Each structure stands twice: as structure tokens, then as C-alpha cells.
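J.: below: sequence and its predicted model.
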Number of protein chains: 4
Amino acid sequence: MLVNRRTVRIEWGDCDPAGIVFYPRYFAMFDASTSCLFEAAGWKKPDLLREFEIVGYPMVDTRAKFILPSGFGDDIVIETRIAAFRNSSFDVEHRAFKPAAGGEELAIEASETRVWAGRHPEYPQRLKSRGIPEIVRRRLSGGEGAAHGV
Amino acid sequence: MLVNRRTVRIEWGDCDPAGIVFYPRYFAMFDASTSCLFEAAGWKKPDLLREFEIVGYPMVDTRAKFILPSGFGDDIVIETRIAAFRNSSFDVEHRAFKPAAGGEELAIEASETRVWAGRHPEYPQRLKSRGIPEIVRRRLSGGEGAAHGV
Amino acid sequence: MLVNRRTVRIEWGDCDPAGIVFYPRYFAMFDASTSCLFEAAGWKKPDLLREFEIVGYPMVDTRAKFILPSGFGDDIVIETRIAAFRNSSFDVEHRAFKPAAGGEELAIEASETRVWAGRHPEYPQRLKSRGIPEIVRRRLSGGEGAAHGV
Amino acid sequence: MLVNRRTVRIEWGDCDPAGIVFYPRYFAMFDASTSCLFEAAGWKKPDLLREFEIVGYPMVDTRAKFILPSGFGDDIVIETRIAAFRNSSFDVEHRAFKPAAGGEELAIEASETRVWAGRHPEYPQRLKSRGIPEIVRRRLSGGEGAAHGV
């Protein structure tokens, strides 16, 4: 399975008056981490949308457990992978880690279900789910090309 | 049980290039809705923090199911209530509705678990959970005073 | 001149670790205030875009002077008006006020220049400025219809 | 003069329904860029606050001119430097560049005035400006230590 790890700096503006991350900001970081996973598989988001004629992969269900807080100046590592593919939807898992003595500690566990969505053919204001292309499944599963950043 | 309903206008800046709300923004709306519930019970957030000597009620676990998308210019109604109190943590439920023919449709269901937290007595940089005061439980449960916006 | 006044509640999530509004959030409030001014003139933003076939009125220049800080739980009043119209661009002024003994105090002064923009006819990925319709000028200047929320 | 350059990836969630950056997000990027400049001078923001017993350097005046738009997937380079120091306030300049044939093009010019602020000695809820320490001026001016990331 393709796994993407990236380091995210917690900024002053990500934090609330208690001095810790305002949790909606974590979801923005996770959304960007999902984009990074696709990029590791070979498609920057604008390319993904153009190549497969979709408008995005909107969220239908997400959950996050916040285990350790972080504050401005901290660097966290977000590790992202696909947990499951279905016909037109897929599950993503994120785990965020903080540096700790002798390694790193799990700070957040999050999961999300997204749908592969194009414009509705009859009502262009609406979105409509589409089948996820085989090449997308294969690369995000760590098969052909993905590991090499094709 | 005390229930707070409020209308939230979806702004241009809440929306992504697909024209629908960027979902982390919903969590910011829900966070404000929890504040509104406390305010309906008698405490604006700064007053709550001052009166009970806490630094906040940080999130430990949250989940949201997005059923219907919304776009800029839409008004959604967010309905918020406490689902459970434990010694030092509590669960909140939010339901967001969109206007529909003959009433309203459920657009989002969200739940959250938060902890009642003060400064750690020995390590002021850290937070420490505290018992939730009886008056807070009572008012948020819709008992004494709350319904009247005391 | 048409003037729109609206009250904005400062939320916990708008504030930084110093306990005051993280200033980029003010710009999001001002952006929404500009939408409100158009709505007071008769067009919710999605209607404005549809009726005049534009994609928005992107910002080209903005400035803000922050005179008094605000914190979570504060209510500020934002007053918005058009300062000038040119052929395809216009200037907006915002003034934010905080309640004070005997009235209100000026907390922020902001100005912005925006362009009336459609899709470029040849390169749909690009924006292209357009002439601002006469009806828009008239209503935002406080002429026909505007004061009555047509 | 110490100059910090950093690359910022424009994310899907930074963009609005027109597909370009929602401009308040640029101010969040600039705020982080100012932190990066201090870090290049030797102080991560939490260290800066601790060492000099300040609560931050809140914004008093900022302006940005948006010359070229950017969209999700774009990488911009933000170049940040101090433009002036006064007793208890300082000016910062940011310039954002986009890659272009044969080099890069100026996309945004921004300036900001910030105040060096501690807690008010008598009213801890308020902020009070303080004199900027000589070591801060020296390092941010590119003198002692700064260029080496001390």
C-alpha cells in the first residue's frame, strides 16, 4: 500500500487562545495530506481533476481522535494511506505523530470516506459519483509506478 | 435537554473550487455552535472560562457525516445539544439542516467528545481535565435557568 | 450611498494564542461583508454571478488598519460601503466598531479594490475584467431599489 | 538585511469557487512567513515569546497588492524581510513569486506594520507595546548570527 509521510509545521494562526491547534485546522491539513497521497501516486490535484474529468473527491464521513495536543512551532508528521476502495468511494487513514524521546508518539488518528465525483450530466450544479478508474486504484495501492512518483 | 438552533450563512470563503463548503469549515461552525449552546445556558465563552477557571473544552474525538452539500449563499440551520455528560468529559451532537420543500432536510450529522480542561497545576503549559461543575450539567440539561437564557 | 451594517460575533476559532482575532480572519469577515452589501442591493452572491455571468470580484488591493483588538465573545459591527466605481473595478470601505461607553469606537478601517471578472473568452482557466453593469452601480450607490432590498 | 525565502504549496482548501486563492489565506501565509523570518534569525516563535516575555507581535496595519492569481497545486515563493524598525514596532515586506518562463514573476506585494507586545502590567487582559531588543534588531538586520541560522 502506498503511504505518504509529510511534516507539517503548526503555525501561530492554526492555534486557539488555549495555545493549541484549533481542531478544524487539522482537517485542512488532512485534506492536503490526501492530495499529497495522490501526488505521490503521480497526480497533482489539478492534473487528477483534468485527466479523470472529476470535480473532486468530496468528504462524506470523517472522524478524528485527538490524543496529544500540539502548539505553534511544533512539527508533526502526517502519515496517509488508502484503507479501502469501493466502486465510487474510498477510505483514507491519517495518523499524525509528534517527536518523542526515542522515536515518535501517535497524536491523532483520523479516517475519512470520500466519493469520486464528477458534474451531474443533467444538472451541472450537482455532483454525481463515478467509478474510480483502475489506474487510480492500482497506483494508490502501491502498484505500478506509484513508488517511483511517476 | 437544552437545544440550540442557529442559522449559519455559507460564505464564498467557506467554499472550495467545487463550489461547496470545504468541510473543515463545518467543524469551525460546529465549534461555534457548541459555544452558542453554552451561551444559551447562560455563559458566553469568556465568562465560562473565567467563572470555572478552565482554559477551554478541547476536542478529543469528533465525527461528521455529510449527507447533502451546501454552497455559498445557502443558509443552514445547526441544531446542537448535549448527548452525555461524564465526570470530566461530555458529548455534543450537531445536526445541520437545509431548507426543503415542505420543511427541512438533514444535511450533516456530527458528534463530538470534549474534555473540561484547566491548566495543569504543576506544568502550566499543559492542560488537565477537571470535573464538570454541577451547575453546568444542570443548565445544559435544560434544567434551572437555561431555557430562559439566564 | 448604500451602507450595510452587520454584527459579527468573534468566535474562539477566530482567535490566536494571544487571545485576539488572528487578523486574516478579519479579511474573511470583510469579504463576507462585501457580499452582504451586494445582497442589500438586491443580489445574493450566487444570483449576482448567475445574472451578470461573472465568476466573482477578486481582490486586487486591500489594506487594513487595526486600531483596537477584539477577542472571542466580542460582537463587532462592520459597516460597508462602495467608495468608488471605475469601469471594471470598484473600491469598498469597511469600518469595524466595538461597543464603548456612550456609543461605539472605531476598531478597524479597511479598504479594498476589486475587479468585476468573468471567464476569459479564449482561456477559460483565466479571469478577465468586464465593465460593471449600470444597474449594479446604481443600486450600490443607493439609487433605485437598493434601500428597499429589492 | 536578512531575507527569508520559502515555497508554499497552494492547497485545494486555500481556494474559492473561482478556483483561485481566497485572499485571506494569503495573509495567513504571510503571517507564517514572518515567523519564518524570525526563525531564520534564530528564534522559533515559542522561543521568541519565552525569551523576550512578549505575547506576540500583533498586526497594526497591512496592505497587499494581488498582481497574479494562483490556484491549487501551484507553488509560490514568498520572500520576506524587515523594512524598518522603530522603537516598539517594525515593518515587514513580503513578495510572492510564481514560476515563469525564464525565471519568476511577481504575484503579490505586501507590507505590514507590527508591534512588539507584552501583557499590560496592570491589566493582564490587555497588550502593551515594548521596546524591541537590540539583539532582535541586529539579527533581523542580517547582522550577528542570523545568516547562520543561530
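T.: Done, it's in. Residues are numbered from 1 along each chain as shown, chains lettered A, B, ... in the order given.
J.: CA atoms for contacts and neighbours, from now on please.
T.: Noted.
J.: looking at chain A, which residue lies furthest from center?
T.: A:Glu122 (29.8 Å; Cα atoms, centre = their mean).
J.: quick one, phi psi at the most centrally placed residue in chain A?
T.: In chain A, the residue lying closest to the centroid (Cα atoms, centre = their mean) is A:Thr34, at 2.0 Å. Backbone torsions of A:Thr34, given as degrees, to the nearest 10, read phi -70, psi -40.
J.: just the pLDDT for it.
T.: Looking at A:Thr34, its pLDDT reads 98.
J.: any idea what the closest residue to it other than its chain neighbours is bridged to?
T.: In space, and not counting its chain neighbours, A:Thr34 is closest to A:Thr80: 6.9 Å by Cα to Cα, 6 or more residues apart in numbering or on different chains. With DSSP bridges as the criterion, A:Thr80 is bridged to A:Asn4, A:His94.
J.: where's A:Arg86 relative to A:Arg137, distance?
T.: A:Arg86 is 10 Å from A:Arg137, where distance means Cα to Cα, to the nearest Å.
J.: more crowded one of the two?
T.: Using other Cα atoms under 10 Å in any protein chain shown, the more surrounded residue of A:Arg86 and A:Arg137 is A:Arg137, with 17 against 11.
J.: wasn't that one part of a strand?
T.: No. Remark: A:Arg137 does not belong to a strand; assigned using DSSP: H, G, I helix; E, B strand; the rest coil, it is helix.
J.: that one: what's it in contact with?
T.: By Cα atoms under 8 Å, 6 or more residues apart in numbering or on different chains, A:Arg137 lies in contact with A:Phe85.
J.: check A:Arg5 too.
T.: With Cα under 8 Å, 6+ apart, A:Arg5 has these contacts: A:Val77, A:Ile78, A:Glu79, A:Thr80.
J.: one more pass at 10 Å, please.
T.: A:Ser33, A:Cys36, A:Leu37, A:Ala40, A:Val77, A:Ile78, A:Glu79, A:Thr80, A:Arg81, A:His94, A:Arg95, A:Ala96 (Cα atoms under 10 Å, 6 or more residues apart in numbering or on different chains).
J.: how close does A:Thr113 sit to A:Ala28?
T.: Distance from A:Thr113 to A:Ala28, by Cα to Cα: 15 Å.
J.: and what of A:Asp47?
T.: Taking Cα to Cα, one finds A:Asp47 at 20 Å from A:Ala28.
J.: these two: which has the busier surroundings?
T.: For A:Asp47 versus A:Ala28, the count of surrounding residues by other Cα under 10 Å is larger for A:Ala28: 18 against 13.
J.: name the SS class of the more buried one, please.
T.: Quick answer, by three-state DSSP: A:Ala28 is helix.
J.: that one against B:Tyr26, yeah?
T.: No. Taking contacts as Cα atoms under 10 Å, A:Ala28 lies outside contact range of B:Tyr26: 11.1 Å.
J.: how about the helices in chain A?
T.: For chain A, the helices defined by DSSP state H occupy A:24-40, A:45-52, A:134-140.
J.: tell me which of those sits most buried.
T.: Comparing those by mean neighbour count (mean count of other Cα atoms under 10 Å in any protein chain shown), helix A:24-40 ranks first with a mean of 21.
J.: residue contacts, A:Asp74?
T.: Residues near A:Asp74 by Cα under 10 Å, 6+ apart: A:Val8, A:Arg9, A:Ile10, A:Glu11, A:Trp12, A:Lys98, A:Pro99, D:Lys44, D:Lys45, D:Pro46.
J.: correction: A:Phe90
T.: Shown in contact with A:Phe90 (Cα under 10 Å, 6+ apart): A:Tyr57, A:Met59, A:Ile82, A:Ala83, A:Ala84, A:Glu112, A:Thr113, A:Arg114, A:Val115, A:Trp116, A:Ile132, A:Arg137.
J.: swap in 6 Å and give it another go.
T.: Applying Cα atoms under 6 Å, 6 or more residues apart in numbering or on different chains to A:Phe90 gives the contacts A:Ala84, A:Thr113, A:Arg114.
J.: ok, now A:Val92?
T.: Contact analysis of A:Val92 by Cα under 6 Å, 6+ apart lists A:Arg81, A:Ile82, A:Ala83, A:Ser111, A:Glu112.
J.: any regions of chain A where pLDDT drops low?
T.: By pLDDT under 70, the low-scoring segments of chain A are A:143-150.
J.: by proximity to chain C, which residue of it wins?
T.: Of all residues in chain A, the one sitting closest to chain C is A:Pro17 (4.1 Å; Cα to the nearest Cα).
J.: list the contacts for the residue lying closest to that residue once chain neighbours are set aside?
T.: In space, and not counting its chain neighbours, A:Pro17 is closest to C:Pro17: 4.1 Å by Cα to Cα, 6+ apart. By Cα under 6 Å, 6+ apart, the residues touching C:Pro17 are A:Asp16, A:Pro17, A:Gly19.
J.: flag every buried residue along stretch A:97-112.
T.: Neighbour counts over stretch A:97-112 (16 or more other Cα atoms under 10 Å in any protein chain shown) mark A:Phe97, A:Lys98, A:Leu106, A:Ala107, A:Ile108, A:Glu109, A:Ala110, A:Ser111, A:Glu112 as buried.
J.: what about chain B: which of the residues you listed touch it?
T.: Counting by Cα under 6 Å from any Cα of the partner chain, nothing from those sits close to chain B.
J.: could you identify the most distant pair in those residues?
T.: With Cα to Cα as the measure, no two of those lie farther apart than A:Lys98 and A:Glu112, at 21.0 Å.
J.: A:Met1 and D:Val3, how far apart?
T.: 41 Å.
J.: between those two, who's got more neighbours?
T.: D:Val3 (18 against 14).
J.: quick check: the more buried one touching D:Ile78?
T.: No. When contacts are counted by Cα atoms under 6 Å, D:Val3 is not listed as touching D:Ile78 (10.2 Å).
J.: distance check, A:Arg139 against chain B.
T.: Distance, A:Arg139 to chain B, by Cα to the nearest Cα, to the nearest Å: 24 Å.
J.: which bits of chain A sit near chain C?
T.: Residues of chain A lying near chain C by Cα under 6 Å from any Cα: A:Gly13, A:Cys15, A:Asp16, A:Pro17, A:Gly19.
J.: can you lay out those residues as TSV showing distance to D:Ser70?
T.: Shown next, in TSV, are the residues of chain A next to chain C (distance: Cα to Cα, whole Å):
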residue	distance to D:Ser70
A:Gly13	21
A:Cys15	26
A:Asp16	28
A:Pro17	31
A:Gly19	31
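J.: sort out for me which of those are in strands.
T.: The members of the residues of chain A next to chain C all map outside strands under DSSP state E.
J.: list the buried residues in stretch A:11-25.
T.: Buried positions in stretch A:11-25, judged by neighbour count with 16+ other Cα under 10 Å: A:11-25.
J.: distance-wise, check the closest residue in space to A:Phe97 that isn't next to it in sequence relative to A:Pro17.
T.: Counting by Cα to Cα, 6+ apart, A:Phe97 lies nearest to A:Leu106, which is 4.5 Å off, once chain neighbours are set aside. In this view, A:Leu106 and A:Pro17 are 24 Å apart by Cα to Cα.
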